[in-house]
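Asks: sequence first, then the predicted structure:
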Amino acid sequence: MINELKKKNIYKDFYFYLRKINKNYDFIRHELYYSIHYKKKGFNFINAIVAFLRDCYIGIGKQVVENLDKKNIFFFTIPGSSGLKTLIHHYKFNKKELIKIDLMRNEKISSNKLKTSLNIVFLKFFIKVFKSIDWKKKDSLLIFIYCLRLSFWASVWNNFILKSKHSNLEIFIHNDFDIYNSSLIYILNKKLINIDIKVSCIQHGIPTDEFFPTKPINYLIWSKKMKELFIKGNKDYQSDSTLYIIDNFPSRFNKNFLNERKDTLNIEKSIYFISQGHTKIYGEKTNEKLINFCVESSSLFSNFQCLLHPTETIKKNNYPANLKDKIIQGPHNFNRESENIKIYVSFCSTAIIDIMLNNHLVIGVDIKPPTSLLAFNYFKPELSVKSPKELHLLVHKIKNDREYLINLLIKQKKYLTELIGQ
């Protein structure tokens, strides 16, 4: 089975094949895809075992819920705009209601931790969940390990919910497909608990193919335009999600849109490339093209910087060694700190929204991907280039024509309003 899954490098193909084998494997699709297609050959099983042992280490311990408001819980697994920052802009957010997965990347963030004590209730529920998944020997030991992980976190959630002793609890999450979140949705969908719990997932970024099908009943999305995208994204699947547009969503952003101060607007010398060199969700060929685009562009600009994605590091990325001095590890600050306009180059990244809202200029990379095409079409900026040479010419024009720059920023504001406006 794993050999067949290795052939399914297109996410949709991977999903449909996995679900055909066992629809419950849908709840581990995210971990499986990245394990099979991102990890080095031969290390999949070792990585899966290490991940399960880590789960036990970070998930077993003293459970604290007494200090939490019993009506709303905000749960995050990662920091940054794809995780915690997605939650804190919700109008109901309260720091006292925050819980986290106790991973190293979250260690600097003060909040309660999702943990459980080992007891007979936990063990009985663990067995109950694992049986419900219906794993078969022919489906490989790799999937067995991920089923164990799903059962473990489902049992942690069960103990947490039982201890909270509160019905009508609402838990806000920032994605519905990583194993920490999908385990919660699994026990609700399978009706493995009898307590009335509401789960609301907040859209955390550009909805690529891995977002679909959406799982929770309540899915909170950015705008009317995003609702159109989510409806189209779900059309090939069975999804129980009800889509809601988030109230007052634009208020989370800087509203100081462009003031046409033609005499004070200046362009910074540096060109900032938003890295997507890690991702295969747009296809492996797209991944390679984006890396090549970055490398070639770096040779055309004396002040060029590649801003790594949160999942990339200085030591672990796909860029050549000769680009090392031009690579910057996150987190990145896109705030407007002066009158200067920064030029960012990006392919279909959530970062373009924060950049545009701070009145910096985004130039899109027009490389049509073979997959996640829906997200590409919805998020492609009007100002886009197909090659580094074209980028070089465009930047020269922008820097030497102030009127042209002003008009671009006005058009960008219109694009952004359509993208996230109510």
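Replies: In hand now; what should we look at?
Asks: export stretch 415-422 as PDB, just CAs?
Replies: This file holds the C-alpha atoms of stretch 415-422, laid out as PDB (Å, rounded to 0.1, in the frame of the first residue of the first chain):
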ATOM      1  CA  TYR A 415      -7.200  43.500  -5.100                       C
ATOM      2  CA  LEU A 416      -6.800  43.100  -1.300                       C
ATOM      3  CA  THR A 417     -10.200  44.500  -0.500                       C
ATOM      4  CA  GLU A 418     -11.800  42.000  -2.900                       C
ATOM      5  CA  LEU A 419      -9.800  39.200  -1.400                       C
ATOM      6  CA  ILE A 420     -10.600  39.700   2.300                       C
ATOM      7  CA  GLY A 421     -13.500  42.200   2.200                       C
ATOM      8  CA  GLN A 422     -16.900  41.300   3.600                       C
END
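Asks: okay, buried residues for that stretch please.
Replies: By neighbour count on 16 or more other C-beta atoms under 10 Å, the buried set for stretch 415-422 is 415-416, 419-420. The way it works is simple: take the backbone N, C-alpha and C, and place the C-beta from them, glycine included.
Asks: could you do stretch 81-100 as well?
Replies: 81-87, 90, 97-100.
Asks: related to what we said a few turns ago, closest one of the buried residues of stretch 415-422 to residue 338?
Replies: Within the buried residues of stretch 415-422, the smallest distance to residue 338 is 20.8 Å, found for residue 416 (C-beta to C-beta).
Asks: now that closest one. Nearest residue, chain neighbours left out?
Replies: Distances taken as C-beta to C-beta, 6 or more residues apart in numbering put residue 356 closest to residue 416, at 4.7 Å, once the chain neighbours are dropped.
Asks: mean confidence score for stretch 364-376?
Replies: Average pLDDT, stretch 364-376: 94.
Asks: er, stretch 25-34 I mean
Replies: On average, stretch 25-34 scores 95.
Asks: from the chain's centroid, how far away is it?
Replies: Distance of stretch 25-34 from its chain centroid, counting by C-alpha atoms, centre = their mean, to the nearest Å, is 15 Å.
Asks: what is the end-to-end distance of that stretch?
Replies: With C-alpha to C-alpha, to the nearest Å as the measure, stretch 25-34 spans 14 Å from end to end.
Asks: what's in contact with that stretch?
Replies: Residues from elsewhere that reach stretch 25-34 (C-beta atoms under 8 Å, 6 or more residues apart in numbering): 5, 11, 14-15, 18-19, 51, 133, 139, 142-143, 146-147, 149-150, 177-179, 182-183, 185-186, 210, 213, 215.
Asks: what about 6 Å?
Replies: For stretch 25-34, contacts defined as C-beta atoms under 6 Å, 6 or more residues apart in numbering pick out 14-15, 18-19, 146, 150, 177-179, 182, 186.
Asks: repeat for stretch 339-352
Replies: By C-beta under 6 Å, 6+ apart, the surrounding residues in contact with stretch 339-352 are 205-206, 264-268, 271-274, 276, 290, 355, 360-363, 365, 376, 379.
Asks: quick one, helices of this protein?
Replies: Taking DSSP state H, the helices of the chain run over residues 2-7, 11-21, 29-38, 44-59, 84-88, 120-133, 141-164, 179-189, 224-234, 284-298, 351-357, 373-379, 388-400, 402-420.
Asks: what is the longest one packed up against?
Replies: In terms of contact count using 3 or more C-beta pairs under 6 Å, 6 or more residues apart in numbering; DSSP states H and E, helix 141-164 is assigned the packing partners helix 44-59, helix 120-133, helix 179-189.
Asks: quick check: angle from the longest one to helix 179-189?
Replies: If I follow you right, that is helix 44-59. Calculated by axes from the mean of the first three to the mean of the last three C-alpha atoms, to 10 degrees, helix 44-59 forms an angle of 80 degrees with helix 179-189.
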